[in-house]
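In: Pasted the sequence and its predicted model underneath.
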Amino acid sequence: MQAANVLAAGRVDETLDGGPPARVVRRRRPLPGGRAITGGFLVALSAVGVFAAASHTRTDKRQTYVVARHELRVGSRINASDVTVARMQLPTGLAARRAFHRAGQVVGAVVVGPVGTGELVQASSLASHTGPTGSRQVSMPIDAAKAVGGRLVAGDIVDVAATLGTGGSAETTWIVRGATVIAVDGQGSSLGDRSHQVITLALASEKDALSVANAVAGGSISLVRTTEAGS
């Protein structure tokens, strides 16, 4: 009886009377059940879904930027047929801020740095930005704090707000929408001081130009960048 119990426990490798070794009995591990397999499959499927969603989110960060249809030679003036737009994601630094989002922003500009086929068109490659054909140009002195902290560059699109009056009678209104910045010049007392600037805007009509000139003479101007805000 004792021998039978020990054999059943799977811990005997020889008979009690010194005879030949007995066969060892070991329990087999059970295979995973149906619920375990289904659960593992659902966890894997969930992980794939999370990865796909993350990838899609990264893709959505791309924006539209102006690129050259063909090589832009130094000294040439950009026409509408010279450029197109492409979706891409740029670093959130100087390169992104000095790029253009719409082809109309660079039409009429003079090329001062070579731009290859398919390359990004940047403000540093243009001598000056003349604005859309037929536009009026107005320059204004302004505190950098009222011009997006001095971060505006040629090609940016801005809305112009003016505060007229003083004290309780002061009122701020939008006077121009969608003006194009064509030049930014610092007026600081030293090289590192750009607290004051002269911003030159290209305006679509004579009425807009007069409105801005009047606001500069009689009120306080603020510029709101809308380059990436859409229409």
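Out: On my side now, so go ahead.
In: Skip the chain neighbours and tell me the closest residue to Ser139.
Out: The shortest distance from Ser139 to any non-neighbouring residue, by CB to CB, 6 or more residues apart in numbering, is to Thr200 (4.5 Å). Where you see a C-beta, it was placed from the backbone N, CA and C, and this is true even at glycine.
In: Bridge partners for the one you found, pull those for me.
Out: With DSSP bridges as the criterion, Thr200 is bridged to Ser139, Ala183.
In: so who does it touch?
Out: Contact analysis of Thr200 by CB atoms under 8 Å, 6 or more residues apart in numbering lists Gln137, Val138, Ser139, Val181, Ile182, Ala183, Val184, Asp185.
In: so the fourth one sits in a strand?
Out: Yes: note on Val181: a strand contains this position according to DSSP: H, G, I helix; E, B strand; the rest coil.
In: mind showing which ranges of this structure have poor pLDDT?
Out: Along the chain, segments meeting pLDDT under 70 span 1-60, 93-97, 112, 127-134, 186-194, 228-231.
In: And the helices in it?
Out: Using DSSP state H, the helices of the chain run over 2-8, 34-59, 94-97, 206-218.
In: who touches Leu152 in this structure?
Out: Leu152 neighbours (CB under 8 Å, 6+ apart): Val158, Val181, Val184, Gln197, Ile199, Leu223, Arg225.
In: switch the cut-off to 7 Å
Out: Applying CB atoms under 7 Å, 6 or more residues apart in numbering to Leu152 gives the contacts Val181, Val184, Ile199, Leu223, Arg225.
In: cool, and Thr92?
Out: For Thr92, no contacting residues are found, by CB under 7 Å, 6+ apart.
In: Then Ala213?
Out: By CB under 7 Å, 6+ apart, the contact set of Ala213 is Val138.
In: how does the protein divide into domains?
Out: For the chain, automatic domain parsing gives the domain ranges 63-127, 134-231.
In: Identify the bridge partners of the nearest residue to Arg69 once chain neighbours are set aside.
Out: Leaving out its chain neighbours, the residue that sits closest to Arg69 by CB to CB, 6+ apart is Thr84, at 5.3 Å. On the basis of DSSP bridges, Thr84 is bridged to Val67.
In: Thr84: neighbour count?
Out: Applying other CB atoms under 10 Å, we find 13 residues neighbouring Thr84.
In: do you know how far it is from Thr200?
Out: 27 Å (CB to CB, to the nearest Å).
In: ok, now which ones touch Gly178?
Out: For Gly178, the contacting residues are Ile157, Asp159, by CB under 7 Å, 6+ apart.
In: Walking through this structure, point out its strands one by one.
Out: According to DSSP state E, the chain carries its strands in the segments 63-68, 83-88, 136-143, 157-164, 171-186, 196-203, 220-225.
In: nearest to Ser125, of those?
Out: Among the strands of the chain, strand 63-68 comes nearest to Ser125, with 9.3 Å by CB to CB.
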